[in-house]
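Asks: Let's see this in three dimensions:
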Amino acid sequence: MNKIELIAFLKEKIAQTLDCDPASIAADENVHDLGLTSLNAVIISGDVEDKFDVEVNPTVMFENHTIAKIAEEIINNG
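Replies: Presented below is the predicted three-dimensional model:
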């Protein structure tokens, strides 16, 4: 897993959740501003765990406000 691959996966999952185009989501965009809820964060964290075989605490989705920072945190601590 590399950061670019993880960012693309996160953008895809967030876009599916929010019913929008992944291309419309910037890696430095605040996930709170996008409308991501805590339930969405738990589900997406599970998707990341399943896809990349890493353990992800769902709080990482809200402690790190951008997709790029979320990916960095998962790579560094996952």
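Asks: What part of this structure, helix or strand, is modelled with the least confidence?
Replies: Using mean pLDDT, DSSP states H and E, helix 60-63 stands out as the lowest-scoring helix or strand of the chain, at a mean of 87.
Asks: what's around the spatially closest residue to Leu10 that is not a sequence neighbour, how many residues?
Replies: Nearest residue to Leu10, sequence neighbours excluded (Cβ to Cβ, 6 or more residues apart in numbering): Ile67, at 5.0 Å. For the C-beta atoms, the positions are set from N, CA and C on the backbone; glycine is no exception. Look at Ile67: counted by other Cβ atoms under 10 Å, it has 25 neighbours.
Asks: Distance check, Ile67 against Asn76.
Replies: 15 Å (Cβ to Cβ, to the nearest Å).
Asks: do Glu5 as well
Replies: Glu5 is 15 Å from Asn76, where distance means Cβ to Cβ.
Asks: the strands in this structure, which residues?
Replies: With strands called from DSSP state E, the chain shows none.
Asks: Show me the helices in it, by range?
Replies: Here the chain has its helices, by DSSP state H, at 3-18, 31-34, 38-52, 60-63, 67-77.
Asks: Identify each buried residue in the third one, please.
Replies: This means helix 38-52. By neighbour count with 16 or more other Cβ atoms under 10 Å, helix 38-52 contains the buried residues Asn40, Ala41, Ile44, Ser45, Asp47, Val48, Phe52.
Asks: swap in the last one?
Replies: Neighbour-count burial for helix 67-77, with 16+ other Cβ under 10 Å as criterion, is recorded at Ile67, Ala68, Lys69, Ile70, Ala71, Glu72, Glu73, Ile74.
Asks: can I get those residues in CSV with distance to Asp33?
Replies: Compiled in CSV, the buried residues of helix 67-77 are given as follows (distance: Cβ to Cβ, whole Å):
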residue, distance to Asp33
Ile67, 11
Ala68, 14
Lys69, 14
Ile70, 14
Ala71, 17
Glu72, 19
Glu73, 18
Ile74, 20
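Asks: my guess is Thr66 meets Asp28, correct?
Replies: Yes: if you go by Cβ atoms under 8 Å, Thr66 and Asp28 touch, sitting 5.0 Å apart.
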